[in-house]
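A.B. asks: please work out how this folds:
(chains A and B)
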Amino acid sequence: LSMTEIRAGFSAIKANIQSRDPIRSRSILSHPHSLHKVKSSDRCCITHHLFTFYVDKVFKHCRTEDSFVNRKISSIANSFLGARRRLGQCREQNNCVCGEESTEKFKQILANYEGLNVTSAAMKSLGELDILLDWMEKS
Amino acid sequence: GELYCSLPNPRNVRFESINMKNVLHWSAPEGTGDGVLYKVKYAVYGVGKWIRKPECRNINRTWCDLSSETSDYEEQYYASVKAFLNGTCSDWMETTRFNPLTDTKIDPPMVSVSSTGKSISIILTAPEKWKRSPEEESVSLLQVYPGLQYKVSVLNKKTKKRWFFSISNNSLVVPWLEPGTTYCVSAQIHVTTPLLDSGFSKERCIATLKDK
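C.D. replies: Residues are numbered from 1 along each chain as shown, chains lettered A, B, ... in the order given. Down below sits the predicted model:
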């Protein structure tokens, strides 16, 4: 997973995507429960859940009228697809155990997502990609 | 209640951040001379409740330091400015979403050099994150950006030959140099992800000792 490529791709469209999300008072990933409060033992499982979430529920609902933005979204999505496949292999080898807390955490994220209409929720989630990347890169 | 606002809006409202000292800047509304006053508010993304900044209420300057309010770099923020003049006002003008971790600029590292007969030793110090007061515990940007690296340039003043080194730790010894020669060292901070590069530091020159 090339974080540098994903970061570069997202930086190029960040202002555009975030400007399509006028709702400041709600977040998918950071409130009411912050990703940054996840225990390290749960990181692998939450990361896998989130890759699946972005692949299945976010990228496909983020089509825009701007072909440049769409291309960047597609390349980020492809990176996520690859990463999810590799993390899936980890889960099969039982190296990525999902505890109760991480399952609960992910339910909260889904609840945040389902609290908005699909397009708004997907665009907001995409606009929060730097929150996910910041958390993943934290040591 | 708010007045009917017909004043032109403040322009180019944005955060300018260096080492996470996060200062809100804007330009005065077009065509307004002196006498314009401003007030500022900010919000944490995902919470959304606007919070007024009392120290930036009825100010005539066009900046407001929000470093304290935006010091948690695991959060993201918005800020907004409103202008007032002769009983009328402008709309609130907002920034884009500000992420202190990715949207800050980083100062160059501090460079100290010493020399022996045929080598020079370089020690690099990353800048510190902004802090509220000198008494507050210092946080090096090295702690904030675990992937932080240094790019070091060494120039032979006589031959004008230059080398570049990329290092992760903060010290470097450059061996096999010419005695009695001046070398100038400059360094830059490079963070791969998020992508952040500082400028190069001011050159520090030192001469290797002459042969006995």
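
A.B. asks: going forward, measure contacts between C-alpha atoms and count neighbours the same way
C.D. replies: Fine.

A.B. asks: mind checking the SS state of whatever residue of chain B ends up closest to chain A?
C.D. replies: Across chain B, the shortest distance to chain A (CA to the nearest CA) belongs to B:Gly48, at 3.6 Å. Three-state secondary structure (criterion: DSSP: H, G, I helix; E, B strand; the rest coil) places B:Gly48 in coil.

A.B. asks: return the residues in contact with it.
C.D. replies: With contact taken as CA atoms under 8 Å, 6 or more residues apart in numbering or on different chains, B:Gly48 is in contact with A:24-26.

A.B. asks: now which of those residues would you call buried?
C.D. replies: The neighbour-count test (16 or more other CA atoms under 10 Å in any protein chain shown) marks A:24, A:26 as buried among the contacts of B:Gly48.

A.B. asks: from the contacts of B:Gly48, which are also near chain B?
C.D. replies: When these are filtered against chain B using CA under 8 Å from any CA of the partner chain, the residues retained are A:24-26.

A.B. asks: so for B:Thr96, what's the pLDDT?
C.D. replies: According to the prediction, B:Thr96 has pLDDT 96.

A.B. asks: which of the helices or strands spans A:Arg84?
C.D. replies: In this structure, A:Arg84 is located in helix A:67-92 according to DSSP states H and E.

A.B. asks: touching chain B at all, that helix?
C.D. replies: No - residues of helix A:67-92 contacting chain B under CA under 8 Å from any CA: none, with a closest distance of 15.0 Å.

A.B. asks: helices or strands up against that helix?
C.D. replies: Other helices and strands packing on helix A:67-92, by 3 or more CA pairs under 8 Å, 6 or more residues apart in numbering or on different chains; DSSP states H and E, are helix A:3-19, helix A:43-53.

A.B. asks: mind giving me the packing neighbours of the last one?
C.D. replies: In other words, helix A:43-53. For helix A:43-53, the packing partners by 3+ CA pairs under 8 Å, 6+ apart come out as helix A:67-92, helix A:100-114.

A.B. asks: and the angle for that helix with helix A:67-92?
C.D. replies: Going by axes from the mean of the first three to the mean of the last three CA atoms, to 10 degrees, helix A:43-53 is angled at 140 degrees with respect to helix A:67-92.

A.B. asks: hey, C-alpha coordinates of helix A:43-53 in PDB?
C.D. replies: What follows is helix A:43-53 as a C-alpha-only set of coordinates in PDB (Å, rounded to 0.1, in the frame of the first residue of the first chain):
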ATOM      1  CA  ARG A  43      -5.700  -1.600  14.700                       C
ATOM      2  CA  CYS A  44      -5.400  -4.400  12.200                       C
ATOM      3  CA  CYS A  45      -9.000  -5.400  12.400                       C
ATOM      4  CA  ILE A  46     -10.300  -1.800  12.300                       C
ATOM      5  CA  THR A  47      -8.000  -1.100   9.300                       C
ATOM      6  CA  HIS A  48      -9.400  -4.100   7.400                       C
ATOM      7  CA  HIS A  49     -13.000  -3.100   8.300                       C
ATOM      8  CA  LEU A  50     -12.300   0.500   7.000                       C
ATOM      9  CA  PHE A  51     -10.700  -0.700   3.800                       C
ATOM     10  CA  THR A  52     -13.800  -2.800   3.100                       C
ATOM     11  CA  PHE A  53     -16.000   0.200   4.100                       C
END
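
A.B. asks: what does that helix contact?
C.D. replies: Identification of contacts with helix A:43-53 by CA under 8 Å, 6+ apart yields A:80-81, A:83-84, A:87-88, A:96-98, A:102-103, A:105-106, A:136.

A.B. asks: can you say which of the residues you listed are buried?
C.D. replies: Among the contacts of helix A:43-53, the ones that count as buried (16+ other CA under 10 Å) are A:80-81, A:83-84, A:87-88, A:96-98, A:102, A:105-106.

A.B. asks: what number of residues lie near A:Phe68?
C.D. replies: Summarising burial for A:Phe68: neighbours were counted as other CA atoms under 10 Å in any protein chain shown, giving 11.

A.B. asks: who are the contact partners of it?
C.D. replies: Listed by CA under 8 Å, 6+ apart, the contact set of A:Phe68 is empty.

A.B. asks: ok, now how distant is it from A:Asn16?
C.D. replies: 11 Å (CA to CA, to the nearest Å).

A.B. asks: A:Gly127 too?
C.D. replies: Counting by CA to CA, the gap from A:Gly127 to A:Asn16 is 9 Å.

A.B. asks: those two: which is more packed in?
C.D. replies: With other CA under 10 Å as the criterion, A:Gly127 and A:Asn16 differ in neighbour count, and A:Gly127 comes out ahead with 23 against 15.

A.B. asks: what's the nearest residue to B:Glu128 once chain neighbours are set aside in contact with, if anything?
C.D. replies: In space, B:Glu128 comes closest to B:Ser140 once its chain neighbours are excluded; the distance is 4.2 Å by CA to CA, 6 or more residues apart in numbering or on different chains. In this structure, B:Ser140 makes contact with B:126-129, judged by CA under 8 Å, 6+ apart.

A.B. asks: flag the shaky bits of chain A, pLDDT-wise.
C.D. replies: Applying pLDDT under 70 to chain A picks out residues A:1, A:91, A:93-95, A:139.
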